[in-house]
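K.L.:
Pasting the sequence and the predicted model now:
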Protein chains: 2
Amino acid sequence: MSRATDKAYDAIRNAVLQGNFGVGLRLKENDLATTIGVSRTPVREALRRLNAEGLIEFKSNHRATVTQWTGENVDDLFQLRALLEGFATALAAERISDAKINELSALADKMEQTSAGKRPVNFDRLSQLNSEFHRIVMEAAGSKRLQTLMAGLIEMTIILRTYHRYSPSELARSFGHHRELIAAFLAHDSEWARSVMTSHILAARASYVRANNNRNSADPKPPQRKTRTR
Amino acid sequence: MSRATDKAYDAIRNAVLQGNFGVGLRLKENDLATTIGVSRTPVREALRRLNAEGLIEFKSNHRATVTQWTGENVDDLFQLRALLEGFATALAAERISDAKINELSALADKMEQTSAGKRPVNFDRLSQLNSEFHRIVMEAAGSKRLQTLMAGLIEMTIILRTYHRYSPSELARSFGHHRELIAAFLAHDSEWARSVMTSHILAARASYVRANNNRNSADPKPPQRKTRTR
DNA sequence: AATGCAATTAATGTATACAAAATCTCCGAT
DNA sequence: ATCGGAGATTTTGTATACATTAATTGCATT
């Protein structure tokens, strides 16, 4: 796409993913424009794009804010991601090339090396490599539409920093999933691949719930799966 | 949202859904702007929004065109829709209110009355009622994110005019699905509901495939209208 | 002090002017 | 006649000015 719009998009997106804006904080077009060094027009386009991806929301007063991931929504969204990414992975298993499988394998190597015996573990790097892993899988599915649908859902887990909360055993399990997925790809077994990916995401969801409960242990609010009363 | 942008969005979206632009045709911002009666700015925003929903695509040369639904893609997308809408329907079964179930029931009545013994069947009206039915179900799922993800996929089937190709027996089956879905909602049985919805979409896919094969064998070129908005 | 309301300020929405890029045209070389 | 390419033209990208709407301030009233 165009230069200024991309610049604005990248800048805002990175800032959001790194948590540089407090949730609920108002993102003013003028401030963003001057900070990034472009005019308001490309900033506006970038905000709309990010809104479409779900990273940014517009309140009724037309103000843009970083999306707030509330407990109940997060649960729905993890399920949704498991479903969609499972489907995409099944497609990928049929279509992926050997070269791409090798790339995945190399990424799995790097991730294991990154965490092997290191203390503290470099979670930022791990999270980055993990994103790359998932990106390649999505790409292999060969559906542009599916990719755009997934984009926002994957980014959600980055914002929530789920990877940063993995215990050593959870990390090991995650690495195991990567290896098993590569095996399923090598066999071009779509149901196997789908199943592994679904496990991978649902395990991440469980980790998120656990880590979140611990953090909120002082808070008397239990995780609720609620139905609505309207 | 804002007045001019909404006006542009509605105008372009309706024109696309009614097939007033030939597929692959270039949508020029200036023409659209003068036709609709606003400036280019809101037209641009509308185009980006429609692009995010999948109705419009930008080619590498930055030109906007109506999305072309090619055979293989359509197949993926029907599967995707079956998956997503099935999931949404399962959520809806847990959360839907009695009032909404009554609305669905009323819609099912209207659809059956619309087609009962009439010749020719008013497919436009049917398709519209059917869209409303699905919209209510999606709303009942209570996930705004899920709704926006689905929007484009549902609109795809409108563009493809799948409903217009239903045979009498296929129509009857479709009505049966609606009734069964309402029963599943009354029982708040999410798996039943999901299953019915999945059947409903996959049946639509099969109809599309069948109708498409027939059409291609008889008439190699689909009828294309070229009109303009307003 | 708290409240309501008008005036002010600030933010977003829209139009328009200009810049950059893509497309088209037309002419000359082969 | 075909091809290539230098301008001309059209179209999109960006900046900016102006319009509209939301938020804030500060004063008057109670």
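P.N.:
Noted; the coordinates are in hand.
K.L.:
count of neighbours near the residue of chain A at minimum distance from chain B?
P.N.:
Proximity of chain A to chain B (C-beta to the nearest C-beta) peaks at A:Ala52, 3.4 Å away. Using the backbone N, CA and C atoms, a C-beta is placed for each residue, glycine as well. For A:Ala52, the neighbour count with other C-beta atoms under 10 Å in any protein chain shown is 18.
K.L.:
Against A:Leu171, how distant is the nearest residue to it once chain neighbours are set aside?
P.N.:
Take A:Ala52 and drop its neighbours on the chain: the residue closest to it by C-beta to C-beta, 6 or more residues apart in numbering or on different chains is B:Ala52, 3.4 Å away. Distance, B:Ala52 to A:Leu171, using C-beta to C-beta, to the nearest Å: 35 Å.
K.L.:
Equivalent analysis for A:Leu17, please.
P.N.:
Taken as C-beta to C-beta, the span from A:Leu17 to A:Leu171 is 21 Å.
K.L.:
The residue nearest to A:Ala52 is in what secondary structure piece?
P.N.:
For B:Ala52, the element it lies in under DSSP states H and E is helix B:40-53.
K.L.:
sorry, back to before: pretty sure the residue of chain A closest to chain B is touching B:Leu50, no?
P.N.:
No: with contact defined as C-beta atoms under 8 Å, A:Ala52 does not count as touching B:Leu50 (10.3 Å).
K.L.:
now the helices for chain A?
P.N.:
Applying DSSP state H to chain A gives helices spanning A:3-17, A:29-36, A:40-53, A:71-95, A:98-115, A:123-141, A:144-159, A:168-186, A:190-215.
K.L.:
got a pLDDT number for the most centrally placed residue in chain A?
P.N.:
Computing the C-alpha centroid of chain A and ranking residues by C-alpha atoms, centre = their mean puts A:Ile154 first, at 2.4 Å. Note for A:Ile154: predicted pLDDT of 92.
K.L.:
do the same with A:Gly117
P.N.:
Per the predicted model, pLDDT is 76 at A:Gly117.
K.L.:
need the contact list for it.
P.N.:
Neighbour list for A:Gly117: empty [criterion: C-beta atoms under 8 Å, 6 or more residues apart in numbering or on different chains].
K.L.:
For it, give its distance to A:Asn130.
P.N.:
19 Å.
K.L.:
what does A:Ala33 give?
P.N.:
33 Å.
K.L.:
The two: which is more packed in?
P.N.:
A:Asn130 (24 against 18).
K.L.:
Now for the more buried one: which residues touch it?
P.N.:
Counted by C-beta under 8 Å, 6+ apart, A:Asn130 has contacts A:Met111, A:Tyr163, A:Ser174.
K.L.:
Averaged pLDDT, stretch A:124-142. What do you get?
P.N.:
In the prediction, stretch A:124-142 has an average pLDDT of 95.
K.L.:
buried set for it?
P.N.:
A:126-127, A:129-131, A:133-134, A:136-138, A:140-142 (16 or more other C-beta atoms under 10 Å in any protein chain shown).
K.L.:
What is the neighbour count of the nearest residue to A:Glu53 once chain neighbours are set aside?
P.N.:
Leaving aside its chain neighbours, A:Glu53 sits nearest to A:Gly152 (4.1 Å; criterion: C-beta to C-beta, 6+ apart). For A:Gly152, the tally of surrounding residues (other C-beta under 10 Å) stands at 20.
K.L.:
And A:Gly152, how close does it get to B:Arg49?
P.N.:
15 Å.
K.L.:
I'd say A:Leu160 and A:Trp69 touch.
P.N.:
Yes: shown here, A:Leu160 and A:Trp69 form a contact pair, counting by C-beta under 8 Å, at 6.3 Å.
K.L.:
neighbour-wise, which of the two wins?
P.N.:
A:Leu160 (18 against 15).
K.L.:
got the contact list for the more buried one?
P.N.:
Per C-beta under 8 Å, 6+ apart, neighbours of A:Leu160: A:Trp69, A:Val74, A:Tyr208.
K.L.:
A:Leu27 now?
P.N.:
A:Leu27 touches A:Ile12, A:Phe21, A:Leu47, A:Ile56, A:Arg63, A:Ala64, A:Thr65, A:Val66, counting by C-beta under 8 Å, 6+ apart.
K.L.:
try 10 Å this time
P.N.:
A:12, A:15-16, A:21, A:43, A:47, A:50, A:56, A:58, A:63-66 (C-beta atoms under 10 Å, 6 or more residues apart in numbering or on different chains).
K.L.:
Stretch A:162-182 close to chain B?
P.N.:
No: using C-beta under 10 Å from any C-beta of the partner chain, stretch A:162-182 stays clear of chain B, with a minimum separation of 17.4 Å.
K.L.:
So which bits of that stretch are buried?
P.N.:
A:162-163, A:165-166, A:170-171, A:174-175, A:177-178, A:180-182.
K.L.:
likewise stretch A:20-35?
P.N.:
A:Phe21, A:Leu27, A:Glu29, A:Leu32, A:Ala33.
K.L.:
now the contacts of A:Asn130 as CSV including pLDDT and distance to A:Ser97?
P.N.:
Shown next, in CSV, are the contacts of A:Asn130 (pLDDT from 0 to 100; distance: C-beta to C-beta, whole Å):
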residue, pLDDT, distance to A:Ser97
A:Met111, 96, 21
A:Tyr163, 90, 27
A:Ser174, 97, 24
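K.L.:
nearest to DNA strand C, of those residues?
P.N.:
A:Tyr163 (31.8 Å; C-beta to the nearest atom of the strand).
K.L.:
Quick check: the closest one touching A:His200?
P.N.:
No: counting by C-beta atoms under 10 Å, A:Tyr163 does not reach A:His200; the two are 11.9 Å apart.
K.L.:
Overlap in contacts, the two.
P.N.:
With C-beta under 10 Å, 6+ apart, A:Tyr163 and A:His200 have common neighbours A:Asn130, A:Ser174.
K.L.:
domains for chain A, by residue range?
P.N.:
A:3-66, A:71-215 (automatic domain parsing).
K.L.:
so which of these gets nearest DNA strand D?
P.N.:
Of all those, domain A:3-66 comes closest under C-beta to the nearest atom of the strand, at 3.1 Å.
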